[in-house]
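Undergrad: no sequence on hand, only this structure:
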């Protein structure tokens, strides 16, 4: 705990009525619970999910004041978490959401920033960065960790390019990528999804452009990276 800040910014308790933590690793879950048990926090109730895809049903059932989530549980990819976040935003969810993730891939981080999730914290960073993220998000601010900000910044246009909405993957594009990364061809994906080959090809090309991939090799290498990080 030596990395925790002692300045006045964190003197007041951060009150969170009900927090939902989505984390499949029991050790990490225990660590987050212990962290939120520090005197600087006051949490009324903890809810736990082990799969990203469980989050929408929980939020529909219970009032939650903060969601802290990894991008995927066991047998889920980061695209599953990205898809869930997109669904929540599409239905107008106002619940503050912090992505607390082991993924450091710049393409994923840029998608999260473009979607405008409330907070992004990388698990390899200090506890003080996690504390700052929670405090700022609970104050209604956006909070991206230092490494996240450095990763997603575009040297030529800084955040202006990154935050453009047209760079955000659509839900349909995410589904197409999931099928392609599972080893399906464009033709078989079109059959599974009952869409034309032309439509699937167009959605694939659109996704590649948004992710800044110039070739199929780059796209599928990225898909392999996501699979390795499950």
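TA: That came through, no problem. These numbers come from a predicted model, not from an experiment. Numbers count the residues shown, from 1 in each chain.
Undergrad: list the buried residues of stretch 73-83.
TA: Counting neighbours by 16 or more other Cβ atoms under 10 Å, one finds that the buried residues in stretch 73-83 are 73, 76, 77, 78, 79, 80, 81, 82, 83. The way it works is simple: take the backbone N, C-alpha and C, and place the C-beta from them, glycine included.
Undergrad: which of those fall in helices?
TA: The members of the buried residues of stretch 73-83 that map onto helices under DSSP state H are 78, 79, 80, 81, 82, 83.
Undergrad: quick one: list the elements packing against the helix or strand harbouring residue 100.
TA: Per DSSP states H and E, residue 100 falls inside strand 97-101. Packed against strand 97-101 by the contact rule (3 or more Cβ pairs under 8 Å, 6 or more residues apart in numbering; DSSP states H and E) you find strand 66-69, helix 78-90, strand 119-122, helix 127-138.
Undergrad: and the helix or strand following that strand, what's its mean pLDDT?
TA: Remark: after strand 97-101, the chain's next helix or strand is helix 106-115, criterion DSSP H and E. For helix 106-115, the mean per-residue pLDDT is 92.
Undergrad: helix 106-115 - contacts with which helices or strands?
TA: helix 78-90, strand 119-122, helix 146-152, helix 158-162.
Undergrad: buried sites along stretch 96-111?
TA: Applying 16+ other Cβ under 10 Å to stretch 96-111 flags 96-101, 103, 105, 107-111 as buried.
Undergrad: how far away from the center of its chain is stretch 14-22?
TA: 17 Å (Cα atoms, centre = their mean, to the nearest Å).
Undergrad: for it, which positions count as buried?
TA: For stretch 14-22, burial by neighbour count (16+ other Cβ under 10 Å) applies to 14, 16, 19, 20, 21, 22.
Undergrad: okay, and for this protein, where does confidence drop off?
TA: 1-11, 154-166, 228-230 (pLDDT under 70).
Undergrad: could you redo the last one with a cut-off of 80?
TA: 1-11, 153-166, 228-230 (pLDDT under 80).
Undergrad: can you list the domains in it?
TA: Domain ranges of the chain: 8-152, 171-228, per automatic domain parsing.
Undergrad: return the most buried member of those.
TA: domain 8-152 (a mean of 18; mean count of other Cβ atoms under 10 Å).
Undergrad: secondary structure element for residue 214, which one?
TA: Using DSSP H and E, no helix or strand contains residue 214.
Undergrad: tell me which residues touch the residue nearest to it when sequence neighbours are not counted, please.
TA: Closest residue to residue 214 apart from its sequence neighbours, by Cβ to Cβ, 6 or more residues apart in numbering: residue 208 at 7.7 Å. Shown in contact with residue 208 (Cβ atoms under 8 Å, 6 or more residues apart in numbering): 214, 218, 219.
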